[in-house]
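S.K.: Sequence and computational prediction follow.
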Amino acid sequence: MDVRLLCPQAFDRVLHKTPSSFDVSVWEYLLPFTHGISTAIASPQAHRNPEEILAHLRVGKISVCHFVPSALKAFLTYASYADNQPDLPKVRMVITSGEALDSGVAQRCRTLLGVAVHNLYGPTEAAIDVTAHTVMDADRIIPIGAPVWNTRIYVVDRYGQPVPPGVPGTLLIAGCQVALGYVGQPELTAQRFRPRPGLSWRTNIRFWGSGVVAWWGVVLSGQVGWSG
């Protein structure tokens with residue numbers, strides 16, 4: 001995660017509710033240690049229960065919380081039903097990743113909770129996140145965003161050549177967080193982790209080919225959209 005996006009403050013408190021089997025849990029573990037903020041640990045399986053999440057946010061005075069978009073949708077539905085205007089004055093940002101974020105869900109979250117919403121993307125092969133986008137009023141389709149610090153993103157055609165903005169291609173990721181390969185799967189590693197011919201001027205850099213269809217934004221320059 002690019003913590004410059006979050007700008008953690010001394011008063012922040014993050015809700016740790018992500019199972020350790022999901023890579024998002026890593027920054028929930030580390031953010032309190034790297035930035036001196038406090039953390040509140042949710043009860044086991046609380047991430048599956050909107051009622052428990054709402055209680056944790058209130059009692060723990062949480063300011064930073066992560067949701068998978070489908071879980072966020074369920075939480076917002078419950079929160080608006082349980083209390084027409086949820087009383088969560090401490091929450092200042094919601095982070096989403098793991099699935100495509102629907103603009104309706106994102107805007108509803110901003111309106112109902114009065115928070116900033118940051119949408120992140122990052123596959124397991126390049127943990128934890130490689131792109132980020134802060135949702136704006138005008139967003140009708142939520143992109144996965146711009147590359148975070150120390151990360152390079154390319155969108156290329158079938159020949160490995162970069163494509164212009166607005167043209168779909170394959171998403172490539174390069175940076176220090178790209179994995180070395182798949183354990184015990186040398187053929188798959190060679191297929192997915194390798195330099196690309198069309199980017200021969202970057203032959204010293206290993207890329208991970210995501211297989212994801214993506215495109216550089218035209219209206220939102222420098223932002224990447226994807227097919228989900």
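M.R.: Here it is on my side, so go on.
S.K.: neighbouring contacts of the longest strand belonging to the chain?
M.R.: In the chain, assigned by DSSP state E, the strand with the most residues is strand 207-216. With contact meaning C-beta atoms under 8 Å, 6 or more residues apart in numbering, strand 207-216 is reached by 123, 125-126, 144, 154-155, 163-174, 178-179, 191-196, 199, 222-227. (Each C-beta comes from the backbone N, C-alpha and C, glycine too.)
S.K.: I'd like the distance from the next helix or strand after that strand to the chain centre, please.
M.R.: Towards the C-terminus, the helix or strand next in line after strand 207-216, according to DSSP states H and E, is strand 224-226. With C-alpha atoms, centre = their mean, to the nearest Å as the basis, the distance from the averaged C-alpha position of strand 224-226 to the chain average is 13 Å.
S.K.: Just give the nearest non-adjacent residue to residue 177, would you?
M.R.: Ranked by C-beta to C-beta, 6 or more residues apart in numbering and with sequence neighbours excluded, the top spatial neighbour of residue 177 is residue 126, at 5.2 Å.
S.K.: Distance-wise, check the one you found relative to residue 48.
M.R.: Per C-beta to C-beta, to the nearest Å, residue 126 is found 27 Å from residue 48.
S.K.: same deal with residue 86?
M.R.: With distances defined as C-beta to C-beta, the gap from residue 86 to residue 48 amounts to 19 Å.
S.K.: now do residue 227
M.R.: For residue 227, the distance to residue 48 (C-beta to C-beta) stands at 27 Å.
S.K.: re the thing from before, next step: the contacts of strand 207-216 restricted to helices.
M.R.: Using DSSP state H, the members of these that fall in helices are 191-192.
S.K.: Now, the contacts of strand 207-216 that are in strands?
M.R.: Residues of the contacts of strand 207-216 located in strands (DSSP E): 154-155, 169-174, 193-194, 224-226.
S.K.: Could you identify which of these has the most neighbours?
M.R.: Greatest neighbour count in the ones in strands among the contacts of strand 207-216, by other C-beta atoms under 10 Å, goes to residue 171: 26 neighbours.
S.K.: Please name the bridge partners of it.
M.R.: The partner list for residue 171 in beta bridges (DSSP bridges) reads residue 155.
S.K.: quick one: the helices in the protein?
M.R.: Taking DSSP H as the test, the helices found in the chain are 3-6, 24-35, 50-59, 69-82, 103-113, 186-192.
S.K.: Next, the buried residues of stretch 30-43.
M.R.: Judged by neighbour count (16 or more other C-beta atoms under 10 Å), stretch 30-43 contains these buried residues: 31-32, 37, 39-40, 42.
S.K.: For the residue nearest to residue 177, give me its contacts.
M.R.: Counting by C-beta under 8 Å, 6+ apart, the residues that residue 126 touches are 151, 173, 175, 177-179, 208.
S.K.: Please report how far it lies from residue 12.
M.R.: 26 Å.
S.K.: try residue 156
M.R.: Computed with C-beta to C-beta, the distance linking residue 156 and residue 12 is 38 Å.
S.K.: quick revisit: the longest strand of the chain pairs with which strands, parallel or anti?
M.R.: Pairing partners of strand 207-216, with direction, according to DSSP bridges: strand 169-175 (antiparallel), strand 193-194 (antiparallel), strand 224-226 (antiparallel).
S.K.: Lowest average pLDDT across the ones you listed?
M.R.: Ranked by mean pLDDT, the strands paired with strand 207-216 bottom out at strand 193-194, which scores a mean of 82.
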